[in-house]
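Colleague: Prediction below, plus the sequence it came from.
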Amino acid sequence: MQDVWSKRIVVGKSLTVYYLQSESEKCHNLFGKSKKSKDFKFASHLFLVKENDVLVFGMECIVYKRLNKSIIFVAKVDSSGLGTHPASSSGLAASAIETVIDTQYKEGAVEVEVTLFAISQGQYLFPESSENGHKRVLSDSGLLHWWVKCLEMIRKDYNPDEEQINEAKEKKSSAEISSPVTDKHLAYMFVPGLPSLRSYLPNSFWKQGTAIQQGKAVDMIPRYPDDPKARYLYELQDQRSEMSVAEFWDTLSFRQECCSGKLVGFYSLILPRRLEKAEFPGNKTSGFGLVLPPKLYRIIYDSLIKHSFRSPSIASQSTKTFLDETIAAIQRVDGFTMEKVAQTIDGNAQPAPPKKREPELSQTLNVLQPRKKKK
Ligand SMILES: CC(=O)SCCNC(=O)CCNC(=O)[C@H](O)C(C)(C)COP(=O)(O)OP(=O)(O)OC[C@H]1O[C@@H](n2cnc3c(N)ncnc32)[C@H](O)[C@@H]1OP(=O)(O)O
């Protein structure tokens, strides 16, 4: 577990990672009224990262499980902007997601899907943090690139890179190459209203579109919490519509929820079980991440989103009160140990060479704009 994090934290720095989960519960509405929903169970996972005395990063995801498939829905990612950046937020998000992926494999999952929709907003987990003067809130298009970067880190960690695949192709005859890794696109990105995503997609493992392409929309497309496509699906369900999945995606760009001026990105990363990771020795459950009764998990989550992060000093105070109250509340939970809840991770990554930080461009430059003379 430590490696997944330390490889993205600069050497000489350390961060404390807090990890709480909820017990799994029966799912009722992943596929609307369809009976299919009840085949799934779900559990919430919350990661919080502290640098010195202040929370700097948070992520909540919900894991939906059915038989040997796990869907990891990344619900909320946020930063407070108050750290010294010993690790990038994209790296921390990738490490948190990989911690959950590894747990799924350990528990017997054969296929894991990471899915999310990107909607840029001032804050999700750290209230008022966008007002603290340190936080950098990415624009909608900045966030789309950011998620590609984050998911590409994960894809690379779980799948051979293109060079390895080309080598494999040279060694084998084309008829022999039919493994899902070589044939299947692993990462999907879809932005309603954007006809071409060429400038976003980093390589041929990425495909513009969505992983679900067959069947009836209301039966096949899941509805996650705060899902911008859910209202449309519920409307189709009420109308007993037979609309196909393909037509659903095509018409989604006309819906107000997905085209009200801001770009919304839908992502899926499909990870077939990695061969060299097939054997996860030892205990079937991971040692990190305390599992709480759902009600207690919710109380803790609700308490987090009531604390303010509007200045460095208020954020430090909020971090202290929230963590003290949380530890007091979970101490009597079965299996509680401090190591299960929090781990301090020492960095192992070489610092990136210093670069000039340029403000994010919100628009592409006009080609007619005069070039600046080189000095
Ligand atoms: C499923 C969902 O949750 S989608 C919603 C996502 N969350 C939000 O929109 C909430 C508000 N937004 C945020 O908290 C932040 O904008 C985040 C977490 C999305 C991204 O945070 P960032 O600090 O920009 O991310 P990160 O640390 O990865 O930095 C990205 C790049 O910008 C650079 N950077 C970081 N801070 C700055 C800055 N102040 N000025 C210029 N560049 C900066 C980093 O060096 C990094 O460069 P690299 O990609 O070349 O390595």
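Modeller: On my side now, so go ahead. Predicted, not measured: the structure shown is a model, and the values here were computed from it.

Colleague: When you work out contacts or count neighbours from here on, use the C-alpha atoms and nothing else.
Modeller: OK.

Colleague: so residue 55, which of the three states?
Modeller: strand (DSSP: H, G, I helix; E, B strand; the rest coil).

Colleague: Do I have it right that it meets residue 18?
Modeller: No - using C-alpha atoms under 8 Å, residue 55 is not in contact with residue 18; the gap is 9.9 Å.

Colleague: For those two, indicate the residue with more neighbours.
Modeller: Each of residue 55 and residue 18 has its neighbours counted (other C-alpha atoms under 10 Å); residue 55 has more, 27 against 23.

Colleague: Mind listing the shared neighbours of residue 55 and residue 18?
Modeller: Residues touching both residue 55 and residue 18 by C-alpha atoms under 8 Å, 6 or more residues apart in numbering: 48, 49.

Colleague: Which residue ranges of the stretch 251-375 of the chain form strands?
Modeller: Ranges of strands in the stretch 251-375 of the chain, per DSSP state E, counting those that start in this stretch, are 265-272, 290-292, 342-346.

Colleague: could I get the ones you listed as TSV with distance to residue 70, mean pLDDT and mean neighbour count?
Modeller: Converted to TSV, the strands of the stretch 251-375 of the chain look like this (distance: least, C-alpha to C-alpha, whole Å; pLDDT from 0 to 100; neighbours: other C-alpha atoms under 10 Å):
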stretch	distance to residue 70	mean pLDDT	mean neighbour count
strand 265-272	10	94	21
strand 290-292	18	98	23
strand 342-346	25	97	19
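
Colleague: nearest to the ligand, of those strands?
Modeller: The ligand lies closest, by C-alpha to the nearest ligand atom, to one member of these: strand 265-272, at 8.8 Å.

Colleague: touching the ligand at all, that closest one?
Modeller: No - judged by C-alpha under 6 Å from any ligand atom, strand 265-272 stays clear of the ligand, getting no closer than 8.8 Å.

Colleague: Partner strands of that strand and their direction?
Modeller: Here strand 265-272 is paired, per DSSP bridges, with strand 111-118 (antiparallel), strand 187-190 (antiparallel).

Colleague: Which residues outside it are in contact with it?
Modeller: 110-119, 144, 151, 155, 158-159, 180-181, 186-192, 210-211.

Colleague: Can you flag the buried ones in the residues you listed?
Modeller: For the contacts of strand 265-272, a burial check counting by 16 or more other C-alpha atoms under 10 Å picks out 110-119, 144, 151, 155, 158-159, 181, 186-192, 210-211.

Colleague: out of those, who's near the ligand?
Modeller: Answer for the buried ones among the contacts of strand 265-272 near the ligand (C-alpha under 6 Å from any ligand atom): 116, 117, 118, 119.

Colleague: and those as a markdown table, adding pLDDT?
Modeller: Converted to a markdown table, these look like this (pLDDT from 0 to 100):
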| residue | pLDDT |
| --- | --- |
| 116 | 98 |
| 117 | 97 |
| 118 | 97 |
| 119 | 95 |
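
Colleague: Show me which residues of this structure sit near the ligand.
Modeller: Near the ligand, when you scan the chain using C-alpha under 6 Å from any ligand atom, you find 74-79, 88-90, 116-124, 136-138, 357-359.
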